[in-house]
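Novice: Take a look and give me a structure for this.
(chains A and B)
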There are 2 protein chains.
Amino acid sequence: MKNLKYTLAAAALSAAAFALPASDFGELYYQRASLFEALPVDSTSVVFLGNSLTHGCEWHELLGMPNALNRGINGDIAEGIDLRLNPIIEGHPAKVFLLCGVNDVSHDLSADSIAGAVAAIAARIRKGSPSTKVYVQSLLPINNSFGRYKRIFGKEQTIRDINTLLKPRVEAMGATWIDLHSHFTDADGNLRADLTNDGLHLLAPGYIIWRDILRPYLDEE
Amino acid sequence: MKNLKYTLAAAALSAAAFALPASDFGELYYQRASLFEALPVDSTSVVFLGNSLTHGCEWHELLGMPNALNRGINGDIAEGIDLRLNPIIEGHPAKVFLLCGVNDVSHDLSADSIAGAVAAIAARIRKGSPSTKVYVQSLLPINNSFGRYKRIFGKEQTIRDINTLLKPRVEAMGATWIDLHSHFTDADGNLRADLTNDGLHLLAPGYIIWRDILRPYLDEE
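Specialist: Numbering: from 1, shown residues only, chains lettered A, B, ... in the order given. I've put the predicted structure just below:
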């Protein structure tokens, strides 16, 4: 596994010296990842880990939980999340709610490889912090009628396939699977158009549906 | 003033029907603004209002304050902030910390017009919610040696001019001016290269400096 702190220092140095982009992950990734290394995680924390769908919410407000920590980064992929797991695992949080994969889909990876990468993140958290309850959330549906994100055109079934492959792996390792997908679909199995304005991300009513799905998992010991 | 709820509904409808971008402000703006309409603000709230610099932080964690609310949106300008002020004003929060202007600079507006637009936001909050303490934070310096954001090339002095023009306006209306700029500069008066990886946004050490500047203002009644 790469050493994030070294990568961060090297990225900052090279960017300053040569005016190049900081890394393959983009500047925002390192801005957020460096912040996440500075902010404490402890045994009372409930961590929301993922990409833009997680990043876009104010979880501690939506849930009324001061211990809810946003560990989302716009555009992140499974590899990026894996690279920044240490500060989370080392804090031994009470719960982690993971959602990732759609950006991996846009990078043209197979459903099987993406399901494997997401499951590996969950397994690493379970191994590194056995006291942490790990919840893996299904990928959300997309709606390409918005015509906004070309790299996910025609990938609706890939997303469904990832969910089908991921659920048994999550359950086999003793983590908890949460189906979000079916709560967000229209009659065609795509993301409801009234919950989004770009076919991928959520407007407030979408986050309220998500909150209500999570409630029993937040309440359980 | 435009009616945000109407704009949101119309944007969602037109985007769904015609597969067009939701608005001039971009989809993220409406995603966040709709969330901010759904989340409560009350008299105990401390609101961080602004653009990507505000958006990028987890304020409630950094400050250890469950009542710290992030009302930042990447790329936002004074007009965008003005358009989404109602849910903040109507909540009569304890404090608002405003920082905006650098994206207006990238849109080639004059220092005087930007200072006027930022001051108008502060004035609107003060008028609409006299119980709210309003803090206007100086624009941060930028560092164009990173070569990342072409629309702010050569605009270092514009930023300094905005701060010079804005401070007396803020103080004249009885709001509090907070100088961030001088705490983030190198010997040339630009954003310290070790605090950023793109010349505009902050890595964790930058947010820690910011936190320490804010501390006395957070502690005061």
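
Novice: what helix or strand is A:Ala117 on?
Specialist: Per DSSP states H and E, A:Ala117 falls inside helix A:111-128.

Novice: Tell me the buried residues in that helix?
Specialist: A:111, A:114-119, A:121-126 (16 or more other Cβ atoms under 10 Å in any protein chain shown). All C-beta atoms are positioned from the backbone trio N, CA, C, and that covers glycine.

Novice: out of those residues, who's nearest B:Ser45?
Specialist: Distance from B:Ser45 was checked for each of the buried residues of helix A:111-128 by Cβ to Cβ. The minimum falls on A:Ile125, at 32.7 Å.

Novice: show me the contacts for that closest one.
Specialist: Contacts for A:Ile125 (Cβ atoms under 8 Å, 6 or more residues apart in numbering or on different chains) come out as A:85, A:88-89, A:96, A:98, A:132, A:134.

Novice: Can you give me the neighbour number for the nearest residue in space to A:Gly75 that is not next to it in sequence?
Specialist: The shortest distance from A:Gly75 to any non-neighbouring residue, by Cβ to Cβ, 6 or more residues apart in numbering or on different chains, is to A:Asn103 (5.8 Å). A:Asn103 is flanked by 24 other residues according to other Cβ atoms under 10 Å in any protein chain shown.

Novice: So whichever residue of chain A sits closest to chain B: helix, strand or coil?
Specialist: Chain A approaches chain B most closely through A:Pro66 (3.5 Å), counting by Cβ to the nearest Cβ. Under DSSP: H, G, I helix; E, B strand; the rest coil, the three-state class of A:Pro66 is coil.

Novice: And the helix holding A:Ala117, how far out from the chain middle?
Specialist: 12 Å (Cα atoms, centre = their mean, to the nearest Å).

Novice: and it, C-alpha only, in PDB?
Specialist: The C-alpha trace of helix A:111-128 is given here as PDB (Å, rounded to 0.1, in the frame of the first residue of the first chain):
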ATOM      1  CA  ALA A 111     -18.500  -5.200 -12.400                       C
ATOM      2  CA  ASP A 112     -16.600  -8.100 -10.900                       C
ATOM      3  CA  SER A 113     -13.400  -6.100 -10.400                       C
ATOM      4  CA  ILE A 114     -15.300  -3.200  -8.900                       C
ATOM      5  CA  ALA A 115     -17.300  -5.400  -6.500                       C
ATOM      6  CA  GLY A 116     -14.000  -7.000  -5.500                       C
ATOM      7  CA  ALA A 117     -12.300  -3.600  -4.800                       C
ATOM      8  CA  VAL A 118     -15.300  -2.400  -2.700                       C
ATOM      9  CA  ALA A 119     -15.400  -5.700  -0.800                       C
ATOM     10  CA  ALA A 120     -11.700  -5.400  -0.100                       C
ATOM     11  CA  ILE A 121     -12.200  -2.000   1.500                       C
ATOM     12  CA  ALA A 122     -14.800  -3.400   3.800                       C
ATOM     13  CA  ALA A 123     -12.600  -6.400   4.600                       C
ATOM     14  CA  ARG A 124      -9.600  -4.200   5.400                       C
ATOM     15  CA  ILE A 125     -11.700  -2.100   7.900                       C
ATOM     16  CA  ARG A 126     -13.100  -5.300   9.500                       C
ATOM     17  CA  LYS A 127      -9.600  -6.800   9.900                       C
ATOM     18  CA  GLY A 128      -8.000  -3.500  11.100                       C
END
